[in-house]
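*Asks:* Sequence first, then the predicted structure:
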Amino acid sequence: MPEPILHLMAGKIASGKSTLAKSLASDCSAILLSEDHWLSQLYPDQVESVLDYVRLSRLLEFPTVSTASNWMMRPVGPPTTALEAFAD
């Protein structure tokens, strides 16, 4: 099995992040987690401007580096299930 790779995209609006992410997901048979997709599904017909996008994206909760590192840096063996990896 190949070594897993995590690609994170960051950049200015309309710089091609989503296009590149879709291409990587397709080429690598990867899972694509897209804030654009989440917002369009959670708030259909409400994202009509950059201000709408910013306002609605603030409603999504993402783990911070400090909270993510809490579970990533625990001195325990590997999780036995995917859900156990995120349990606190």
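*Replies:* Nice, thanks for sending it over. Keep in mind that what you see is a predicted model, and the values were worked out from it rather than measured.
*Asks:* what's stretch 16-27 in contact with?
*Replies:* Contacts to stretch 16-27, defined as C-beta atoms under 8 Å, 6 or more residues apart in numbering, come from residues His7, Met9, Ala10, Gly11, Ala30, Ile31, Leu32, Ser34, Asp36. Bear in mind the C-beta positions are built from the backbone N, C-alpha and C, glycine included.
*Asks:* where do the helices sit along the protein?
*Replies:* Applying DSSP state H to the chain gives helices spanning 17-28, 35-42, 50-57, 65-72, 82-86.
*Asks:* If you count neighbours, what's buried in the third one?
*Replies:* In this case it means helix 50-57. For helix 50-57, the buried set under the neighbour-count rule, 16 or more other C-beta atoms under 10 Å, comprises Tyr53, Leu56.
*Asks:* That one packs against which elements?
*Replies:* Taking 3 or more C-beta pairs under 8 Å, 6 or more residues apart in numbering; DSSP states H and E as the contact definition, the neighbouring helices and strands of helix 50-57 are helix 35-42.
*Asks:* which residues make contact with the helix it packs on from outside it?
*Replies:* Looking at helix 35-42 with C-beta under 8 Å, 6+ apart, the contacting residues turn out to be Ser18, Val47, Tyr53, Leu56, Ser57, Leu59, Leu60.
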